[in-house]
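Visitor: Structure for the following, please:
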Amino acid sequence: MDTILYYADNYVFDKLYAKIWPSCTKVVADTVISAWPRDDIWRINLSIYMITCFFGWTLYLTAATLSYFFVFDHDYMKHPKFLKGQVRMEIQCALGAIPWMTLFTLPLFVGEIKGKSMLYDGVPQTTYDWLYLILSVPSFLFFTDCGIYWFHRWMHHPKVYKYLHKLHHKWVIPTPYASHAFNPVDGFLQSLPYHLYAYMIPIHKYLYMGMFVFVNFWTVMIHDGAFISHSTVISTSAHHFVHHLYFNYNYGQYFTFWDKLGSSHRQPTEEQYDKSLRDDVKVMARQAHDAEEIENETLGIKPKSN
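Guide: Okay, here's the model as predicted:
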């Protein structure tokens, strides 16, 4: 993030802040300098906030839009649990949540700028350095998958679910635009393991930045409704569709390991892999009925007596 901030200051913020708050005494090469120095903590916070919101919105809209038009199976929009105007609601929810999630995450980003994290830079010099860099990838994925699993599972507790996670499960049949459509506190908690990793385990800052971009793309991909992979190890879009439909399964982000360990794994069936079954009206009706029953059970709503 410090590298991004450096270039943003050079090309955007120095000029912007000079216009908003010019210095009356400092002029360099006929250019007015801002009275707000680069190392001011409030300027850093504001700059990082604007950068993160901009890239958050851009990455989300770009990835989700490409996935929606080129990958997502639009026949799923015929499902009885697909809401009227859902795509618009997903986008509005996500665009509104990103600034709040950014605000909650801001102290962690600023801490990285101030050197409080365990991020490091430089070119690896030894075989050990390169090996550590390579192993940082599975280490990051394993650590964050564990954290997300437990945060996610905790938010399905009946006393927590309706306050934090219920909004995301409004999209029982999600599109790629649902990927970031969270309650902001929910979204922040599920992103927290990514940031904690950088404060607990050394990782190269450019690799960390790349993993952060990958995480956002992956979040879109598991909502893309294209059930190509039949993996029992990777938590695919089919696994995550089962999670949205049946709620109390498949909390993991990347792998099925923690779900299997926590007895919450549910392998997708031909209902997801076979398009003729996916589009079957009777299958859709049963799925809708089951989804309502399971969510009501999670919320503690008793079934109506006949």
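Visitor: Now do Asp129 against Gln86, distance only.
Guide: For Asp129, the distance to Gln86 (Cβ to Cβ, to the nearest Å) stands at 48 Å. (C-beta placed from N, C-alpha, C; glycine too.)
Visitor: Tell me which of those two has more neighbours.
Guide: Taking neighbours as other Cβ atoms under 10 Å, Asp129 and Gln86 compare with Gln86 leading, 20 against 13.
Visitor: burial count for the closest residue to that one other than its chain neighbours?
Guide: In this structure, Gln86 finds its nearest non-sequential neighbour in Trp171, 6.6 Å apart by Cβ to Cβ, 6 or more residues apart in numbering. Counted with other Cβ under 10 Å, the neighbours of Trp171 add up to 22.
Visitor: With Val137 instead?
Guide: 14.
Visitor: any idea how far it is from Val215?
Guide: To Val215, Val137 is 12 Å away according to Cβ to Cβ.
Visitor: Quick check, Asp224 in contact with His240.
Guide: No - the pair Asp224 / His240 is not scored as a contact, 9.3 Å apart, by Cβ atoms under 8 Å.
Visitor: could you show me where the helices are in the chain, in order?
Guide: Assigned by DSSP state H, the helices in the chain fall at 2-8, 14-20, 41-70, 86-113, 127-154, 158-164, 184-200, 205-221, 237-246, 257-261, 270-273, 275-278, 281-299.
Visitor: Please identify the buried residues of the fourth one?
Guide: Pointing back at helix 86-113 there. Neighbour counts over helix 86-113 (16 or more other Cβ atoms under 10 Å) mark 86-87, 89-91, 93-95, 97-98, 100-102, 105-106, 108-113 as buried.
Visitor: what do you get for the first one?
Guide: Residues of helix 2-8 classed as buried: 4-5, 8 (neighbour count, 16+ other Cβ under 10 Å).
Visitor: show me the contacts for the closest residue to Ile41 other than its chain neighbours.
Guide: Nearest residue to Ile41 in three dimensions, chain neighbours excluded: Val110, at 7.4 Å (Cβ to Cβ, 6+ apart). Residues in contact with Val110 (Cβ atoms under 8 Å, 6 or more residues apart in numbering) are 41, 44-45, 48.
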